[in-house]
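> The following block contains a protein sequence and its predicted model.
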Amino acid sequence: MYPHLQVMRVQLSKYIVFALFISVAPDLYGQQTSGQKPEDTEVWEPVPKEVTPAATCGAPPSDAIVLFDGKNLDEWVSVKDKSPAKWVVADGVLTVNKKSGNIETKQTFRDYQLHIEWRIPADITGQGQARGNSGVFLASTGPGDDGYELQVLDSYQNKTYVNGMAGSMYKQAIPLANPARKPGEWQTYDVVWTAPTFDPDGSLKTPAYVTVFFNGVLVQNHFELKGQTLYIGRPFYKKYTTAPIKLQAHGDPSQPISFRNIWVRKLD
Ligand code: MG
């Protein structure tokens, strides 16, 4: 065969394959959409409830339960005896009083969104876990339980075990980043807590999940907890339905931590 005829045959076969593709492709596409309209995939109900956002970022939206607005501790009690919380309120700020121990909300919650701001004192001393230690227990499940602690700590150039630094779920989840600000500056946690659920016999039905933004940076991304955040030992679950949110008085000899602008939105 003449070489130029061979070339022509190859080129011709390419055209035939391409032509076949062109003729079949519309049919394939048409099979996916034939008889369907854009309206078929529009969803109109249920209409989300209207929520008025706050005028400033971080302030409570219209449907939030305000847990601390800078004025008083009406929403809080002492964990040990359920008496009125005795932490210090001054200048719109709530400060740990280690003598009176941990405090928790009067109201109990299951699934929720939480906003809380905290500050390590500018003159903080100590190191590691003894430097600005507090904590936000996302479910305070009883005096004898550890609950589920989102750690509060000075993590600005303060070395400690990484599953115990600020933004960690204590001893379970290392934060995905360290956006800690310097001591003396206000910092924010925005949390989504999905409570664990249990069968009637107390066995775990679905685990707890937590998402946390620390100073606007994602540090926990729908993390599945293995149980309570224990100081010693492996985590395990213990049945609860709703629980208060607890703030930790860690009792270090160093300067106390402060909180402000605390609000929650129920999600269940
Ligand atoms: Mg702590």
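Sure, I can see it. All of these numbers come straight from a predicted model, not from anything done at the bench.

> C-alpha only now, for contacts and for neighbours.
Will do.

> do stretch 167-186 and the ion meet?
No - legend: contact between stretch 167-186 and the ion by Cα under 5 Å from the ion is lacking; minimum distance shown is 7.6 Å.

> what does that stretch rub up against?
Under the criterion Cα atoms under 8 Å, 6 or more residues apart in numbering, residues 117-124, 148-152, 154-156, 162-166, 187, 212, 214-215, 217-220, 223, 225-226, 229-231 lie in contact with stretch 167-186.

> Which ones among those residues also lie next to the ion?
residue 151.

> Mind checking which of the contacts of stretch 167-186 are buried?
Buried by 16 or more other Cα atoms under 10 Å: 117-121, 124, 148-152, 154-155, 162-166, 187, 212, 214-215, 217-220, 223, 225, 229-230, out of the contacts of stretch 167-186.

> Next step: these restricted to strands.
With strands taken from DSSP state E, the overlap with the buried ones among the contacts of stretch 167-186 comprises 117-119, 149-152, 187, 212, 214, 217-220, 223.

> and of those residues, the nearest to residue 105?
Nearest to residue 105 among these is residue 149, at 14.8 Å by Cα to Cα.

> who's the residue nearest to the closest one when sequence neighbours are not counted bridged to?
Spatial nearest neighbour of residue 149, excluding adjacent residues (Cα to Cα, 6 or more residues apart in numbering): residue 137 at 4.2 Å. Beta-bridge partners recorded for residue 137 (DSSP bridges): residue 149, residue 246.

> list the contacts for residue 137?
147, 148, 149, 150, 245, 246, 247, 248.

> Residue 77 now?
Contact partners of residue 77, counting by Cα under 8 Å, 6+ apart, are 83, 84, 85, 86, 103, 104, 105, 106.

> biggest separation within those, which pair?
Counting by Cα to Cα, the most remote pair of these is 86 and 106, 13.8 Å apart.

> Kindly report the residues of this structure close to the ion.
133, 134, 135, 151.

> quick one, what contacts the closest residue to residue 195 other than its chain neighbours?
Once flanking residues are discounted, residue 195 sits nearest to residue 208: 4.8 Å by Cα to Cα, 6+ apart. Residues near residue 208 by Cα under 8 Å, 6+ apart: 193, 194, 195, 196, 197, 224, 225, 226, 227.

> So, low pLDDT: which residues of this structure?
1-32, 253-254 (pLDDT under 70).

> what about the helices in it?
Counting by DSSP state H, the chain has helices at residues 3-33.

> any idea where the strands of the stretch 51-200 of the chain begin and end?
Using DSSP state E, counting those that start in this stretch, the strands of the stretch 51-200 of the chain run over residues 65-68, 76-78, 88-90, 93-95, 103-105, 112-119, 134-137, 149-152, 186-194, 197-198.

> what's the shortest one in contact with?
In other words, strand 197-198. Strand 197-198 has contacts (Cα under 8 Å, 6+ apart) with 204, 205, 206, 207, 208, 239, 240, 241.

> between the residues you listed, which is closest to residue 48?
Of those, the one sitting nearest to residue 48 (Cα to Cα) turns out to be residue 208, at 24.8 Å.

> phi, psi of residue 80?
Dihedral pair for residue 80: phi -70, psi -30, per degrees, to the nearest 10.

> So which of the contacts of strand 197-198 wins on neighbours?
Sorting these by how many neighbours each has (other Cα atoms under 10 Å) puts residue 208 first, at 21 neighbours.

> Let me know the distance separating the closest residue to residue 250 other than its chain neighbours from residue 256.
Spatially, and ignoring its direct neighbours in sequence, residue 250 is nearest to residue 134 (5.5 Å; Cα to Cα, 6+ apart). Residue 134 sits 9 Å away from residue 256, going by Cα to Cα, to the nearest Å.

> which of those two has more neighbours?
Neighbour count, other Cα under 10 Å: between residue 134 and residue 256, residue 134 has more, with 28 against 21.

> Contact partners for the spatially closest residue to residue 218 that is not a sequence neighbour?
Leaving aside its chain neighbours, residue 218 sits nearest to residue 212 (6.0 Å; criterion: Cα to Cα, 6+ apart). With contacts defined as Cα under 8 Å, 6+ apart, residue 212 is in contact with 167, 189, 190, 191, 192, 218, 219, 220, 221.
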